[in-house]
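S.K.: have a look; sequence and predicted model below, questions after that.
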Amino acid sequence: VIFATAQPGAPAPSGAFLDADISGGSAAPAAAPSPEMSGTRCPDEAGIGASSRPEDLEKVERAKEILREQDWGRPRPPVFLFPGLASSRLVAWKGKKCIGPDINVMDNLWLNIQKVVETLTFDQNCWLDCLKLGHNQTDPEDCKVRAANGLEAVSVLSPGLFTEKPTMVYQNLISYIADAYGYDKNSIYGFPYDWRLSPGKLEERDGFFSSTKERIEAAVRLNGRPGIIFAHSMGNNCVMYFFKWLRARYPRTAEAWIAKHVWTFVMLAPPLLGAVSPLKSVLTGEPMGMPITDRMARDLELTFGVTHWVNPMPPRGHNPPRPHAYANGVGAAGCSAAVNGTAGVCPAGESEGPTWDADLVRVRVKEGSAEATFGAEDVATGEIFRWMGAIYNDEALSEKYRTLYSDYIESEVNFFDGPPQRPPVKHVVVAYGVDQPTERKYTLSNDVNFDYPIMSEMTVEEAGQDWNVRVGGRRARTQKKLLGPSELKHSGDGLIPYQSLSWSHTWLGDNATVAHWKRRTYKRSTFLDQWTPEKLDMAATVTQPALTCLHGAPEASPTVDPVTVLEFEGVNHHKITGDPNVMKVVWDLIIGNVVEEMCIEGTDEVCRYQDAAPKRKAGESEAAASSGWGLSLWGWPRSKDDQAKDKAKAAAGGKSGGGGAAEESRRSQTSPMDEAASRVAAAAGLGLPTGGDPALEPLRMQGA
């Protein structure tokens, strides 16, 4: 599959851009994308990263070869893993006496299936009471729970023969990049956190965002390059809050810090406009797959401060065009995509993007009475909690109204100050599943056996259709009725509705390119050869889901690349981090740029990050000018070929050194002591060898 792109001022090649239905309809020529969009960074048909251009495929293989063979101390982009809601291990730090087996210090409380079964069998309240939070998100008197540490805390929640696979978080990704690219514990970092807390309490109690900043700084120093962030579900909110927190705490240096330390942000299943499931958890209860009743789940989840963080959020006054999101035709404003990789175009859109339904939640207080309806705006302002707390005399819901303001809106960082904007990172990749049955709105009714309303109906979106589902006892789905076609082309990923996932389309601009590949089945011997049988289901074939790729940016920028959005058909929200097809496509997509952009091989080429370095003031050393900015002091060891060229130049009477004429010009403005200090700063500060220069030995020892 070849992506054909037109050069500026040249006519589009025949058949280069096709205006065709993704099911294989007739094709008609469409306009070529703007020059800055040429060479779209979408994967090829086989799932290989970068694009289908031979030179990009070579970049991926070259990066794989270089990174796999790197010795310790050689540069590589570190990987930072942020899990989602309920996806970090939680351990006990205070013993608790129970009727049956006790809870002991360092017991894995979330998620330990054996501990759950033990406590629920003998004392059903012991485990739940330990996980609950007290007033103002404090610890209960007889229990203390904190997030576990280390990479293991975000790889598998409940290790064990029968529990490991269902509770995997990032284990498959860790295995893949370790096997294929030589990563290890010095270059992969997990960032587990107590997902019960609001973000402000995470910093106040655990210093999470302060320690995150310090850990990323240390990782970049050790590995010598800015990192790659992977975040799943609510982990994306955590990372985006972290960027806002940096701007609030360090307003003058936040942007420079991000540019120095974060190279790529991979957003897996991001709830950009929230989701309805967290709202359901505090209104009627959400057991999260655990063997507990809705009432038990509701009592637990009402104590959590985190639920506001992922509730439905209205895009207040911000509904830009959204290419490739509507059901009529292939996409908004005639966005085209041809089958199996031929590039298409999303021209300037005129339609406004959809937001949440006005009747997101309906409440029937009495049988036959008028319904109270609440939309996303009522959730964002807390009106639904205030009203229901008063009607049902529910103090816990009234407290939800108060904490929305104290912990979010009026806190140091207001996460809800507007709809999500493109993260301030050079490369952004958004990947999520589509066309899974996903809950989108609810109807609640009174029940004589409960002092709060219970779920009676829900609207479920499924592959472009809306269904009404009447719910029986304990939410057993008893009746399902088709309501008609949905406004949106797709449904969500099983948890996050499509209008929330696809908000990333607003970051693509007016002239995004789009390509589509059908679902394919491969023999294992010809696909994903990097995955060993232990890492795949024991099936004779491997199925690659249908994939739609969109690529674009609002405007050309020398420092910010276009956003790439990947939509994988049929991939579930909870399984995307462990899906080998998704992880390979995403990873290979971003890793092809490593050699070129990060000077991994130490060539004479000047890196893009160096181009943006600030100018030195008169009399200021380069080390001082670059401090607090970024990796402008990249004194990487030069390759053997470059060293041979240097010797040849020296023998011919020429001058050698990294960076050619520009490097020589820079060195001519620097005193020998400044140059020595700069080289030592680069070597010592970034964990690189200083070589055998005896003149540097005193400074090296002093730096050490």
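M.R.: Cool, the structure landed. Numbering: from 1, shown residues only.
S.K.: so where do the strands sit in the stretch 51-200 of the chain?
M.R.: Applying DSSP state E, counting those that start in this stretch to the stretch 51-200 of the chain gives strands spanning 79-82, 90-94, 108-110, 144-147, 188-190.
S.K.: worst average pLDDT in these?
M.R.: Ranked by mean pLDDT, the strands of the stretch 51-200 of the chain bottom out at strand 108-110, which scores a mean of 90.
S.K.: check which helices and strands it is in contact with.
M.R.: Applying 3 or more CB pairs under 8 Å, 6 or more residues apart in numbering; DSSP states H and E, one finds that strand 108-110 makes contact with strand 90-94, helix 124-131. Where you see a C-beta, it was placed from the backbone N, CA and C, and this is true even at glycine.
S.K.: the ones you listed into CSV, with extra columns for distance to K165 and mean neighbour count?
M.R.: Listed next are the helices and strands packed on strand 108-110 as CSV, based on distance: least, CB to CB, whole Å; neighbours: other CB atoms under 10 Å:
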stretch, distance to K165, mean neighbour count
strand 90-94, 20, 19
helix 124-131, 23, 20
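S.K.: so what strands line up beside the helix or strand encompassing I229?
M.R.: Per DSSP states H and E: I229 is located in strand 227-232. Strand 227-232 has the following sheet partners, assigned by DSSP bridges: strand 79-82 (parallel), strand 262-268 (parallel).
S.K.: relative to G484, which of those strands is closest?
M.R.: Nearest to G484 among these is strand 262-268 (31.1 Å), distances taken as CB to CB.
S.K.: re earlier: can you put the strands of the stretch 51-200 of the chain in TSV and add distance to Y392?
M.R.: Below are these laid out as TSV (distance: least, CB to CB, whole Å):
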stretch	distance to Y392
strand 79-82	36
strand 90-94	30
strand 108-110	29
strand 144-147	29
strand 188-190	41
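S.K.: using the three-state scheme, assign the residue nearest to F242 when sequence neighbours are not counted.
M.R.: Computed as CB to CB, 6 or more residues apart in numbering, the closest residue to F242 that is not its neighbour in sequence is F209, at 5.4 Å. Three-state assignment for F209 (DSSP: H, G, I helix; E, B strand; the rest coil): helix.
S.K.: got a list of what F209 touches?
M.R.: With contact set as CB atoms under 8 Å, 6 or more residues apart in numbering, F209 has these partners: P199, L202, E203, Y241, F242, W245.
S.K.: what sits against the first one?
M.R.: So the one you mean is P199. Taking CB under 8 Å, 6+ apart, one finds F209, N237, C238, Y241, W245, W309, V413, F415 in contact with P199.
S.K.: narrow those residues to those in helices?
M.R.: F209, N237, C238, Y241, W245 (DSSP state H).
S.K.: export the helices and strands packed on strand 108-110 to a markdown table and tack on distance to K489?
M.R.: Putting the helices and strands packed on strand 108-110 into a markdown table (distance: least, CB to CB, whole Å) gives the following:
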| stretch | distance to K489 |
| --- | --- |
| strand 90-94 | 38 |
| helix 124-131 | 39 |
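S.K.: who wins for proximity to D107 among the ones you listed?
M.R.: For the helices and strands packed on strand 108-110, the distance to D107 is smallest for strand 90-94, at 4.6 Å, taking CB to CB.
S.K.: and the closest one, what does it pack against?
M.R.: Secondary-structure packing of strand 90-94 (3+ CB pairs under 8 Å, 6+ apart): strand 108-110, strand 144-147.
S.K.: looking at those, which one is packed in the most?
M.R.: Of all the helices and strands packed on strand 90-94, strand 108-110 carries the top mean neighbour count, a mean of 22, counting by mean count of other CB atoms under 10 Å.
S.K.: given that strand, what are its sheet partners and their directions?
M.R.: Partners of strand 108-110 in the sheet, by DSSP bridges, are strand 90-94 (antiparallel).
S.K.: neighbouring contacts of the partner strand?
M.R.: Against strand 90-94 from outside (CB under 8 Å, 6+ apart): 103-110, 130-131, 139, 142-148, 194, 196.
S.K.: orientation of that strand relative to helix 124-131 in degrees?
M.R.: Interaxial angle of strand 90-94 relative to helix 124-131 (axes from the mean of the first three to the mean of the last three CA atoms, to 10 degrees): 90 degrees.
S.K.: just the C-alphas of strand 90-94, formatted as PDB.
M.R.: Output of strand 90-94 as PDB, limited to C-alpha atoms (Å, rounded to 0.1, in the frame of the first residue of the first chain):
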ATOM      1  CA  LEU A  90      -3.700  -0.400  46.200                       C
ATOM      2  CA  VAL A  91      -2.100  -1.900  49.300                       C
ATOM      3  CA  ALA A  92      -2.900  -1.700  53.000                       C
ATOM      4  CA  TRP A  93      -0.600   0.300  55.300                       C
ATOM      5  CA  LYS A  94      -2.500  -0.500  58.400                       C
END
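S.K.: quick one, which of the helices and strands packed on strand 108-110 gets closest to K441.
M.R.: helix 124-131 (28.6 Å).
S.K.: and the helices and strands packed on strand 90-94: which comes nearest S155?
M.R.: Shortest distance between S155 and the helices and strands packed on strand 90-94, using CB to CB, is found for strand 108-110: 12.9 Å.
S.K.: buried ones in stretch 389-405?
M.R.: Buried positions in stretch 389-405, judged by neighbour count with 16 or more other CB atoms under 10 Å: G389, Y392, D394, L397, S398, E399, K400, Y401, T403, L404.
S.K.: do stretch 413-430 as well
M.R.: Across stretch 413-430, burial judged by 16+ other CB under 10 Å covers 413, 415-416, 419-420, 422-430.
S.K.: pretty sure R362 sits in a strand.
M.R.: Yes - the assignment for R362 by three-state DSSP puts it in a strand.
S.K.: look up how far L279 lies from the nearest residue to Y405 once chain neighbours are set aside.
M.R.: Distances taken as CB to CB, 6+ apart place G382 nearest to Y405, at 7.0 Å, with adjacent residues excluded. According to CB to CB, to the nearest Å, G382 stands 12 Å off from L279.
S.K.: more crowded one of the two?
M.R.: Neighbours around G382 and L279, counted as other CB atoms under 10 Å, are more numerous at L279. The numbers are 25 against 22.
S.K.: hmm, E301 and that one touching each other?
M.R.: No - the pair L279 / E301 is not scored as a contact, 10.6 Å apart, by CB atoms under 8 Å.
S.K.: now for the two: what residues contact both?
M.R.: Common neighbours of L279 and E301 (CB under 8 Å, 6+ apart) are T307.
S.K.: so which of the strands paired with strand 227-232 comes closest to A358?
M.R.: Among these, the nearest to A358 by CB to CB is strand 262-268 (27.9 Å).
S.K.: any stretches of the stretch 551-700 of the chain with poor pLDDT?
M.R.: Residues of the stretch 551-700 of the chain meeting the criterion pLDDT under 70: 555-560, 601-700.
S.K.: mind redoing it with 80?
M.R.: Where the stretch 551-700 of the chain drops to pLDDT under 80, the residues are 554-561, 592-593, 595-596, 599-700.
S.K.: what about the helices in the stretch 201-350 of the chain?
M.R.: Taking DSSP state H, counting those that start in this stretch as the criterion, the stretch 201-350 of the chain contains helices spanning 208-223, 234-249, 254-261, 277-283, 294-301.
S.K.: so which of those is the most packed in?
M.R.: Mean neighbour count (mean count of other CB under 10 Å) peaks for helix 277-283 among those, with a mean of 24.
S.K.: what's that one packed up against?
M.R.: helix 294-301, helix 395-404, strand 438-445.
S.K.: if we use 10 Å, what do you get?
M.R.: helix 294-301, strand 361-364, helix 376-380, helix 383-391, helix 395-404, strand 438-445, strand 454-462 (3 or more CB pairs under 10 Å, 6 or more residues apart in numbering; DSSP states H and E).
S.K.: so which of these gets nearest A275?
M.R.: The closest of these to A275 is strand 438-445. By CB to CB, the value is 8.6 Å.
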